[in-house]
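1. Sequence plus the predicted model coming up.
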Amino acid sequence: MENRKTALITGGSRGIGRAICIELAKAGMDIVFSYRSGKEEAEKTCALCEEYQVRALAVEADVAVKEDCTGLVEKAMEFGDNKIDVLVNNAGITRDNLLMRMSDEEFSQVIETNLAGTFYMMREVSKHMLKKRSGSIINISSVVGIKGNPGQVNYAASKAGVIGMTKSLARELAGRKITVNAIAPGMIETDMTKVLPEAAKEEILKSIPMKSMGQPEDIAKAVAFLAGEGGRYITGQVLSVDGGMAI
């Protein structure tokens, strides 16, 4: 469809990223998403999006590599008829360890993917949004970037940095009608949390005022709101979707 929006999501093959792709497809957007590994899972995301009569494209790319980001945006622009209306920076990794035991690699890998990758994508996509004088950028941060967490100095630094970049870029782009916001998820039930020991899950639930984990769809619906007409006049904000953890 000629007037259909194009959304670009990083890390969309499973978990929160897949839920975001599906929710934006439900909203009638064509979907381009990146994945670093797992071609079968990426193909499944495409199929789930296409059920909503939109087009979907999976691109293998590592957002920690600047050249991969450039290539990803080029493919998204071609797929989207020379436009990207929505960018969701979701790709992220963890390399948990106590600070005194954390290696240089564990620190730098998380910073390069979560922080530098978000920077590369925003820089590339914003060039095209500026020409159109419209667009929505949504960065997935974390409650850990707000509160901190033992064993996650690297992850907390990357996600707090994402918040700082979000607020700064929002100021830079607001005059061109481009919104830039962040979502800070709390504990979301994904494949990663499902394998936690029951004792660990119980401790996590104690820290959540609502006494339950969130679902990937909770994050996806918040993204869809910010990317839609309802988010037209919202920019530079951090929306915590965490069951009250950041209170």
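-> Received it, and whenever you're ready, just let me know what you need.
2. From Thr190, how far out is Ile247?
-> From Ile247 over to Thr190 the distance is 23 Å, taken as CB to CB, to the nearest Å. Every residue, glycine included, has its C-beta placed from N, CA and C.
3. Same drill for the two, tell me which one is more crowded.
-> Neighbours were counted for Ile247 and for Thr190 using other CB atoms under 10 Å; Thr190 has more, 19 against 8.
4. these two touch, right, that one and Pro216?
-> Yes - with contact defined as CB atoms under 8 Å, Thr190 counts as touching Pro216 (6.4 Å).
5. quick one: common contacting residues for those two?
-> Both Thr190 and Pro216 are in contact with Gly15, Ile16, where contact means CB atoms under 8 Å, 6 or more residues apart in numbering.
6. after the worst-scoring helix or strand of the chain on mean pLDDT, next one along is what?
-> One helix or strand of the chain scores below all others by mean pLDDT, DSSP states H and E: helix 191-194, with a mean of 77. Along the chain past helix 191-194, the next helix or strand (assigned with DSSP states H and E) turns out to be helix 198-206.
7. for that following helix, packing partners?
-> Under the contact criterion of 3 or more CB pairs under 8 Å, 6 or more residues apart in numbering; DSSP states H and E, helix 198-206 touches no helix or strand at all.
8. Pull the residues that contact that helix.
-> With contact meaning CB under 8 Å, 6+ apart, helix 198-206 is reached by Met187, Thr193, Leu196, Lys211, Ser212, Met213.
9. so which pair among those residues is furthest apart in space?
-> Using CB to CB, the contacts of helix 198-206 span at most 16.2 Å, a distance reached by Leu196 and Lys211.
10. more crowded one of those two?
-> The residue with more neighbours, out of Leu196 and Lys211, is Leu196; 13 against 10, by other CB under 10 Å.
11. Distance check, the more buried one against Ser37.
-> Distance, Leu196 to Ser37, using CB to CB: 22 Å.
12. What are the boundaries of the strands in this structure?
-> For the chain, the strands defined by DSSP state E occupy 6-9, 30-35, 56-60, 86-89, 135-140, 178-185, 238-241.
13. Could I get the contacting residues of the nearest residue to Lys167 once chain neighbours are set aside?
-> Nearest non-adjacent residue to Lys167, counting by CB to CB, 6 or more residues apart in numbering: Gly236, 5.0 Å away. Contact analysis of Gly236 by CB under 8 Å, 6+ apart lists Thr166, Lys167, Ala170, Arg171, Ala174, Val180, Asn181.
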